[in-house]
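# when you get a sec, could you give me coordinates for this:
(one chain, ligands or ions: 1)
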Amino acid sequence: MSRRDLPIVPYRPEVHAEALFAFVAKVLGAEVCAKRRQVIETMHTTMPGRDRFPLRHVIVDGDRVAGTLGYMPADFWIRGKRTAVRFTHDLLVDPDYRGGGLGRLIVENAFALGDFFPGGMWMTDPCRKIHVDAGFQDAAPLVTYSLVLDPASFVARRGMPLFKAAAGRAALTANRAVALRRARRAASRDGVQEILRFDANTDAAWEKLVPGYEITRVRDAAYLNWKYLAHPWLPYRGLLATKGPDPTGYLVWRLAPDHAAEKRAVVTDFLTARSDADTLRRLLARVVVEAAAAGMESVSVLTTQPWAVGLLRSMGFLPREARNTWVVAGWQNVIPGEWLQDTSPWHVCMGDSDGDIWTGSN
Ligand SMILES: CC(C)(COP(=O)(O)OP(=O)(O)OC[C@H]1O[C@@H](n2cnc3c(N)ncnc32)[C@H](O)[C@@H]1OP(=O)(O)O)[C@@H](O)C(=O)NCCC(=O)NCCS
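Numbering: from 1, shown residues only. Predicted coordinates for the structure are as follows:
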């Protein structure tokens, strides 16, 4: 049988789990595999939308799993209409089978499902190429903004020539001083508290903020708790902003894991009303102050909203050079084509796809 004739079947944990994780362990090592397995298993047991079969396909060769592709079901608000969508994620082919077209085959199979895939993010170049060859289309790349909190370490890791390094360090040190002073002032104002779990009672408040964005993920307590605050090992932290008794926004972030080479704190999710720079400033200020106290080298945020970019710039954040690939499929009857090139109708966060939930594992 040619490799391209191997069957692609929906993943059934009771049948395929041992073969799947045997090959994941072979590719990624036992420790990373064990952590990945925990995340995959929480998807099957607690992820909202897990009834939307299949959550994963596997390519089987006898009792072996030769390749796999996961799907994350999600709900989006698109011009006020709640719409079921999927992300592709976790594409992996056993090294024994690579170069035989299996990666492309399993992504073509996903494309043929015909669903709206509003973006696979954090892809490697081969993964992006495979998606595009299978029919996905490139959307405008996403930009992450970073505030450098430890200029010496930031510059040293980039290995710049001496003169350039000294100039860069001086500029970043001045930027940090202003940014920290402003953040401390904003963080000293009331109205931001740490939360251990999102409360479903605040979902109605989040729903009221959403119509300001033409397209964004449904960000309710069930999703935010599953994805972040109940993550099996990554210590995400939740912040709630209020004005008087009313919730006006939230933010989810985490410090870099202890073993990470780059001490980068990341903001994985946030929501405020469109253009509510005051609430977002108070939330981000708290992150900046705590990340600096924890010795982080930088803090990063991804946003597609021009007003939020303006705020980030005023707080000392600068665009990172790397651009994040983003591909979409099945959009034709769902969103206007312009939204592939103009990201301003979207409210997209760093954690919207699968990327960050694996991050502590490598
Ligand atoms: C990426 C991966 C899934 C590809 O699987 P595969 O079965 O070998 O891919 P295919 O044989 O279907 O190749 C499809 C195309 O991608 C290209 N490609 C595959 N791996 C590549 C690589 N490492 N570098 C550059 N191009 C690559 C192939 O050349 C082929 O292009 P062509 O059709 O123009 O000849 C596999 O290498 C893998 O599991 N890598 C590690 C995990 C990973 O990176 N996953 C993506 C996470 S976002």
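
# which ones are touching residue 168?
By Cβ atoms under 8 Å, 6 or more residues apart in numbering, the residues touching residue 168 are 151, 155, 160. C-beta here means a position set from N, CA and C on the backbone, and glycine is covered the same way.

# nope, residue 238 is what I meant
Contacts here follow Cβ under 8 Å, 6+ apart; on that basis residue 238 touches 194, 195, 196, 197, 198, 224, 228, 229, 250, 251, 252.

# element containing the closest residue to residue 316 other than its chain neighbours?
In this structure, residue 316 finds its nearest non-sequential neighbour in residue 179, 3.0 Å apart by Cβ to Cβ, 6 or more residues apart in numbering. Assessed by DSSP states H and E, residue 179 sits inside helix 162-187.

# any buried residues in that helix, and which?
165, 168, 169, 172, 175, 176, 179, 180, 182, 183, 186, 187 (16 or more other Cβ atoms under 10 Å).

# pull the distance from that helix to the chain's centre.
27 Å (Cα atoms, centre = their mean, to the nearest Å).

# tell me which helix or strand comes right after that helix.
strand 192-195.

# tell me which residues are up against the lowest-mean-pLDDT helix or strand in the chain.
One helix or strand of the chain scores below all others by mean pLDDT, DSSP states H and E: strand 117-121, with a mean of 80. Contacts with strand 117-121, where a contact means Cβ under 8 Å, 6+ apart, come from 74, 76, 85-89, 110-111, 127, 131, 136, 139, 142, 215, 324-331, 335, 348, 352-353, 355.

# now the helices: where do they sit in this structure?
13-28, 30-46, 102-112, 125-133, 151-158, 162-187, 203-209, 221-224, 277-293, 306-314, 355-358 (DSSP state H).

# can you flag the weakest of the ones you listed by average pLDDT?
Sorting the helices of the chain by mean pLDDT places helix 355-358 lowest, at a mean of 84.

# can you give me the neighbour number for whichever residue of the chain sits closest to the ligand?
Closest residue of the chain to the ligand, Cβ to the nearest ligand atom: residue 103 (2.7 Å). Using other Cβ atoms under 10 Å, residue 103 has 24 other residues around it.

# filter the contacts of residue 238 to the buried ones?
198, 224, 228, 229, 250, 251, 252.

# export those to a markdown table and tack on distance to residue 302?
As requested, the buried ones among the contacts of residue 238 are arranged in a markdown table below (distance: Cβ to Cβ, whole Å):
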| residue | distance to residue 302 |
| --- | --- |
| 198 | 20 |
| 224 | 17 |
| 228 | 15 |
| 229 | 19 |
| 250 | 16 |
| 251 | 13 |
| 252 | 12 |
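
# nearest to residue 43 among those?
residue 228 (13.8 Å; Cβ to Cβ).
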